[in-house]
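[1] sequence-free structure coming up:
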């Protein structure tokens, strides 16, 4: 307050002088500050110059050392170049040898394929021969049974014929010539029926047995057709017989004949003929059924043969493609499909064996989770090559695979998308990033929602946005530097 009163008392002149004094003090203070700053700058410059001189000396010394090292490195580089040239020559020779070996390997593979085809054909022929042999054995058993049946039937007919012949002979002694003619006609009809049965019997007997049977039947027919000749006795022989006793024997025989005539069933012949006609009809029906059975069996055998040929052809192609697919997926493994029973492939099944890289052959049941996945995918891809399917749905097939195998499988599926559509459920980036359409499933507010994007278009938009952001940052940097 006192200072203000003094200034006010001095008037405007004092205030002006006071302001000039304040300005001079401020200028002095600023000059002192600049002087101190200059002194600090001079000291810093001296120190920087000393340090620069020291750094220059050190740099010169380092340059001398580096020049020596450079000469050593140049010498080493020349030696390395010489060694590299020699290595390139060795590599070139090794590559030529490898090409020659690969060509030889391809020739061996082709020969192996030819041999495998020959083996497959031989196995197929073996299966066909086995099937034919089985069919022939079955037919042989059937024919043998038929032979035994017809031999028994022929024996029964011959016995019946002998009985009928004896009955006809006993009737011929007392019946007229007309009845004899009727009996002869019946015998001829019986012979015709028997011959017809023998022709329809379809017997596969040997020539010797047939000739013996014909001779025996011919002998019996001659015996039955020979007329009965009464013996002529001499007087001495007649004296041995008693006339009365002979008459009594004749009377007894006549009574017995009359009794038999009264009790004889004369309708037995008609019943026999009716039964015989019924029998022939049933035999004809049996032959028809047998022919249809044989035709059906032949068609069945043909279908089995066609099924076997188709299966073996497809099996060979799938086996070769499976080997190729597994080698491609595992980068050096091997796989094989084998028949448990080569004679009947449909009875026992197929064995799937694989050899992972740097491991031994194993059944697929003894593999780890990742190896099982690769083996199954190789089989699926081989089946796709043999008979393509338009749509595949795969649920987390890459769960047990590492990054490398996931990339291999994903790229192969990407290549196959030209001929089929794959719906793959996956949580691996290097799998779903190659998809043509990506569908994400998420949950909000206790409800499931989906979103579908095109990864390619999304990646292009992100790349363009990053490019724009990078350009703006570069412009800002340039402006800052200026």
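    Perfect, thanks for sending it. Owing to the predicted nature of the structure, the values given are computational and were not obtained by experimental measurement. Numbers count the residues shown, from 1 in each chain.

[2] residues near residue 398, how many?
    A count of nearby residues for residue 398, using other Cβ atoms under 10 Å, gives 24. (Each C-beta comes from the backbone N, C-alpha and C, glycine too.)

[3] right, and the helix or strand after the worst-scoring helix or strand of the chain on mean pLDDT?
    One helix or strand of the chain scores below all others by mean pLDDT, DSSP states H and E: helix 207-225, with a mean of 44. Remark: after helix 207-225, the chain's next helix or strand is helix 235-239, criterion DSSP states H and E.

[4] ok, and for that next one, which residues are buried?
    For helix 235-239, the neighbour count (16 or more other Cβ atoms under 10 Å) marks no residue as buried.

[5] sticking with residue 392, tell me its helix or strand.
    strand 391-395.

[6] next SSE after that strand?
    Assigned by DSSP H and E, the successor of strand 391-395 is helix 403-416.

[7] what is that next one packed up against?
    Helix 403-416 is packed against helix 268-330, helix 369-386, strand 421-425, helix 429-432, with contacts defined by 3 or more Cβ pairs under 8 Å, 6 or more residues apart in numbering; DSSP states H and E.

[8] give me that answer again for 7 Å
    helix 369-386, helix 429-432 (3 or more Cβ pairs under 7 Å, 6 or more residues apart in numbering; DSSP states H and E).

[9] among those helices, which comes closest to residue 408?
    helix 369-386 (9.0 Å; Cβ to Cβ).

[10] contacts for that closest one next, please.
    314, 317-318, 321-322, 325-326, 329-330, 335, 354, 356, 364, 367, 397, 400-401, 405, 409, 412, 416, 420 (Cβ atoms under 7 Å, 6 or more residues apart in numbering).

[11] if I look at residue 307, what pLDDT would I see?
    pLDDT, residue 307: 91.

[12] so how far is residue 297 from it?
    15 Å (Cβ to Cβ, to the nearest Å).

[13] check residue 326 too.
    42 Å.

[14] who has more neighbours, these two?
    It is residue 326, of residue 326 and residue 297, that has more neighbours when counted by other Cβ under 10 Å, with 24 against 13.

[15] residue contacts, that one?
    Counted by Cβ under 7 Å, 6+ apart, residue 326 has contacts 333, 334, 335, 354, 375, 378.

[16] isn't the third one right next to residue 323, touching?
    Yes: the pair residue 335 and residue 323 passes the contact test of Cβ atoms under 7 Å, sitting 5.6 Å apart.

[17] so between the two, which is more surrounded?
    Taking neighbours as other Cβ under 10 Å, residue 335 and residue 323 compare with residue 335 leading, 25 against 18.

[18] quick one on the thing from earlier: mark which of the contacts of residue 326 are buried, thanks.
    333, 335, 354, 375, 378.

[19] among the residues you listed, find me the one that's closest to residue 261.
    Minimum distance to residue 261 across those is 92.3 Å, recorded for residue 335 (Cβ to Cβ).

[20] surely the closest one is in a strand?
    Yes: assigned with DSSP: H, G, I helix; E, B strand; the rest coil, residue 335 falls within a strand.

[21] and the pLDDT at the nearest residue to it once chain neighbours are set aside?
    Distances taken as Cβ to Cβ, 6 or more residues apart in numbering put residue 326 closest to residue 335, at 3.9 Å, once the chain neighbours are dropped. We have a pLDDT of 89 for residue 326.

[22] count of neighbours near residue 374?
    Applying other Cβ under 10 Å, I find that residue 374 has 26 neighbouring residues.

[23] what do you get for residue 147?
    Neighbour tally, residue 147, other Cβ under 10 Å: 16.

[24] please apply the same query to residue 453.
    Residue 453, neighbours per other Cβ under 10 Å, totals 12.

[25] what's the closest non-adjacent residue to residue 421?
    In space, residue 421 is closest to residue 391, 5.1 Å off (Cβ to Cβ, 6+ apart).

[26] pretty sure the one you found contacts residue 424?
    No: using Cβ under 7 Å as the test, residue 391 is too far from residue 424 to be in contact (11.8 Å).

[27] right, so of the helices and strands packed on helix 403-416, which gets closest to residue 451?
    helix 429-432 (13.3 Å).

[28] what does that closest one contact?
    398, 403, 406, 407, 410, 424, 426, 438.

[29] check contacts around the fourth one.
    The reference is to residue 407. Residue 407 makes contacts with residue 430, as judged by Cβ under 7 Å, 6+ apart.

[30] can you do 10 Å?
    Residues in contact with residue 407, defined by Cβ atoms under 10 Å, 6 or more residues apart in numbering, are 398, 401, 428, 430, 431, 434.

[31] so where's the stretch 201-350 of the chain shaky on pLDDT?
    Across the stretch 201-350 of the chain, the ranges flagged by pLDDT under 70 are 201-231.

[32] still on that earlier bit, which of the contacts of helix 429-432 sit farthest apart?
    For those, the farthest-apart pair by Cβ to Cβ is 403 and 438; their separation is 19.2 Å.

[33] the two - which one has more neighbours?
    Each of residue 403 and residue 438 has its neighbours counted (other Cβ under 10 Å); residue 438 has more, 15 against 11.

[34] list the contacts of that one.
    Residue 438 sits next to 432, 451, 452, 453, 454, 455, 456, 458 when contact means Cβ under 10 Å, 6+ apart.

[35] do you know how far it is from residue 337?
    On the measure of Cβ to Cβ, residue 438 and residue 337 end up 36 Å apart.

[36] by how many degrees do the helix ranked longest in the chain and helix 268-330 diverge?
    When the chain is parsed with DSSP state H, its longest helix is helix 12-172. Helix 12-172 and helix 268-330 are oriented at 160 degrees to each other (axes from the mean of the first three to the mean of the last three Cα atoms, to 10 degrees).

[37] so for helix 12-172, what's the average pLDDT?
    82.

[38] check which helices and strands that helix sits against.
    helix 2-10, helix 177-200, helix 207-225, helix 243-263, helix 268-330 (3 or more Cβ pairs under 10 Å, 6 or more residues apart in numbering; DSSP states H and E).
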